[in-house]
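Undergrad: Turn this into a structure:
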Amino acid sequence: MAKYNFEPSRTLGEFLLMPNLTRRDCMPQNVSLSTPLVKFRRGEKAAIEIGLPFVSAMMQSVSGEKMAVALSDLGGVSFIYCSQTIEDQAKMVASIKKQGAIVGAGVNTRDYEQRIWALVNAGVDVLCIDSSDGFSEWQSDVIAFVRKNFGDKVKIGAGNVVEAEGFRYLADAGADFVKVGIGGGSICITREQKGIGRGQASALIEVVAARDEYFAKTGVYIPLCSDGGIVTAKDIIIALAMGADFVMLGRYLARYEESASEKVVVDGKEFKEYWGEGSARAQNWQRYDSGGTSGMKFVEGVDSYIPYGGKIADGLGVTVAKIKSTMCNCGSLDLPSFTRDARLVVVSDASLKEGGAHNLIERAR
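TA: The predicted model follows:
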């Protein structure tokens, strides 16, 4: 019979941090947000580290050339979407590299042999398999191809997973990092369409525990990327506190000037277009195999608009300030200590209401 888990599937929004002692040296200017992007052995440093724990989603509407350069300048890294021709993706990567930027790229499990060679020749820094479900033999095949042809010189992340068994499968396959989350993106309707997925907080809690156990046993630390369920800076903070090494951002970054989508005006207000890689708009490029029994017959994402957010440097600067301030409240000056010392509590609906402005009439802003 089927196996059941009657624990609620928790989201990031259901948790709050409790403060720890704030020491005198716990000031925002002393906080480091650097984090490993790829796996490393105990006592060693990761081959790739990033200054900010932010990577952009492998999406047509997010990760183009402008976003990649801007995010790299700020300390993060973009993953160029693979729902385009091999030639176009490789050209985009090569152009970004000419601008002195670090850049990642997505690959699929179909044309990966030709695509990976082209991306490596274009100078890509890190790869990631783009799939909503990474607990798959196909992903193991892709990683094996990379190891056979490039050894450890080419770094490749895998995912997505939502529980310990999936993480261990990809870790044993040789993934350099693992993405966590299924169906939590604002643009994603996988859970609605297929009935599969898990609340982002529950997924992170279990996978982080599995990652830490794996590290203790093998001495190999595999970074985790929290992908999905992020709307506000608070969600990023909770994900990092729970043990994510970095977060993958779609909607959050799609609103900025540098995202790959067009800016439009609707009823006198500025918006950016935003669509999911599982949407009909993205599938028009043939993201899924066309024709035959393997062709997709339904969508797993939607096409939408989000309010325009201006320049990424301004918006991301505010988010970074919030993260550093919270870490100071928790007595932490770096992400490892933040995760180690974090104390989180589940909140009720009443406490969520209490946490915002309530029982008053606000002045017009």
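Undergrad: Residues contacting stretch 259-269, please?
TA: 59-64, 66-67, 253-254, 257, 270-275, 305, 307-308 (C-beta atoms under 8 Å, 6 or more residues apart in numbering). C-betas here are computed from N, CA, C, even on glycine.
Undergrad: Would you map the strands across the stretch 201-350 of the chain?
TA: Taking DSSP state E, counting those that start in this stretch, the strands of the stretch 201-350 of the chain run over residues 220-221, 224-227, 246-249, 263-266, 269-275, 303-307, 344-346.
Undergrad: Nearest to residue 159, out of these?
TA: With C-beta to C-beta as the criterion, residue 159 lies closest to strand 224-227 of these, at 7.0 Å.
Undergrad: could you dump that closest one to CSV, C-alpha only?
TA: Taking Å, rounded to 0.1, in the frame of the first residue of the first chain, the C-alpha atoms of strand 224-227 are listed here in CSV:
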residue,chain,number,x,y,z
LEU,A,224,21.9,23.1,-1.4
CYS,A,225,20.0,25.6,-3.6
SER,A,226,16.5,26.5,-2.4
ASP,A,227,14.4,26.9,-5.5
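Undergrad: Off-centre distance for that strand?
TA: Computed by C-alpha atoms, centre = their mean, to the nearest Å, the chain-centroid distance of strand 224-227 equals 5 Å.
Undergrad: Stretch 195-211 now?
TA: Stretch 195-211 sits 14 Å away from the centroid of its parent chain (C-alpha atoms, centre = their mean).
Undergrad: Go ahead and produce PDB holding the CA coordinates of it.
TA: Extracted C-alpha coordinates of stretch 195-211, given in PDB (Å, rounded to 0.1, in the frame of the first residue of the first chain):
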ATOM      1  CA  GLY A 195      -0.500  16.400  -7.500                       C
ATOM      2  CA  ILE A 196       3.300  16.200  -6.800                       C
ATOM      3  CA  GLY A 197       5.500  18.400  -4.700                       C
ATOM      4  CA  ARG A 198       6.100  19.500  -1.200                       C
ATOM      5  CA  GLY A 199       6.000  22.700   0.900                       C
ATOM      6  CA  GLN A 200       9.400  24.400   0.500                       C
ATOM      7  CA  ALA A 201      10.100  24.500   4.200                       C
ATOM      8  CA  SER A 202       9.400  20.800   4.800                       C
ATOM      9  CA  ALA A 203      11.500  19.900   1.800                       C
ATOM     10  CA  LEU A 204      14.400  22.000   3.000                       C
ATOM     11  CA  ILE A 205      14.300  20.700   6.500                       C
ATOM     12  CA  GLU A 206      14.500  17.100   5.400                       C
ATOM     13  CA  VAL A 207      17.100  17.600   2.600                       C
ATOM     14  CA  VAL A 208      19.400  19.800   4.800                       C
ATOM     15  CA  ALA A 209      19.400  17.000   7.500                       C
ATOM     16  CA  ALA A 210      20.400  14.500   4.800                       C
ATOM     17  CA  ARG A 211      23.100  16.800   3.400                       C
END
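Undergrad: Which of the strands of the stretch 201-350 of the chain has the lowest mean pLDDT?
TA: Across those, strand 303-307 has the smallest mean pLDDT, namely a mean of 77.
Undergrad: Which strands and helices lie in contact with it?
TA: Helices and strands touching strand 303-307, by 3 or more C-beta pairs under 8 Å, 6 or more residues apart in numbering; DSSP states H and E, are strand 269-275.
Undergrad: how far out from the middle of the chain is the strand it packs on?
TA: Taking mean C-alpha positions (C-alpha atoms, centre = their mean), strand 269-275 and its chain are 21 Å apart.
Undergrad: Next, the buried residues of that strand.
TA: 271, 272, 273, 274, 275 (16 or more other C-beta atoms under 10 Å).
Undergrad: Same list, those residues, but as CSV with distance to residue 325 please.
TA: What follows is the buried residues of strand 269-275, written out as CSV (distance: C-beta to C-beta, whole Å):
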residue, distance to residue 325
271, 30
272, 28
273, 33
274, 28
275, 34
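Undergrad: Any chance of the strands of the stretch 201-350 of the chain in TSV with distance to residue 112 as columns?
TA: Formatted as TSV, the strands of the stretch 201-350 of the chain follow (distance: least, C-beta to C-beta, whole Å):
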stretch	distance to residue 112
strand 220-221	24
strand 224-227	19
strand 246-249	20
strand 263-266	33
strand 269-275	24
strand 303-307	27
strand 344-346	38
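Undergrad: Quick check: ChimeraX command selecting the buried ones in the contacts of stretch 259-269.
TA: Buried members of the contacts of stretch 259-269, defined by 16+ other C-beta under 10 Å, are picked up in ChimeraX with:
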select :59,60,61,62,63,64,66,67,253,254,257,271,272,273,274,275,305,308
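Undergrad: pretty sure residue 135 is touching residue 164, no?
TA: No - using C-beta atoms under 8 Å, residue 135 makes no contact with residue 164, being 10.8 Å away.
Undergrad: what about those two, which has more around it?
TA: Neighbour count, other C-beta atoms under 10 Å: between residue 135 and residue 164, residue 135 has more, with 20 against 16.
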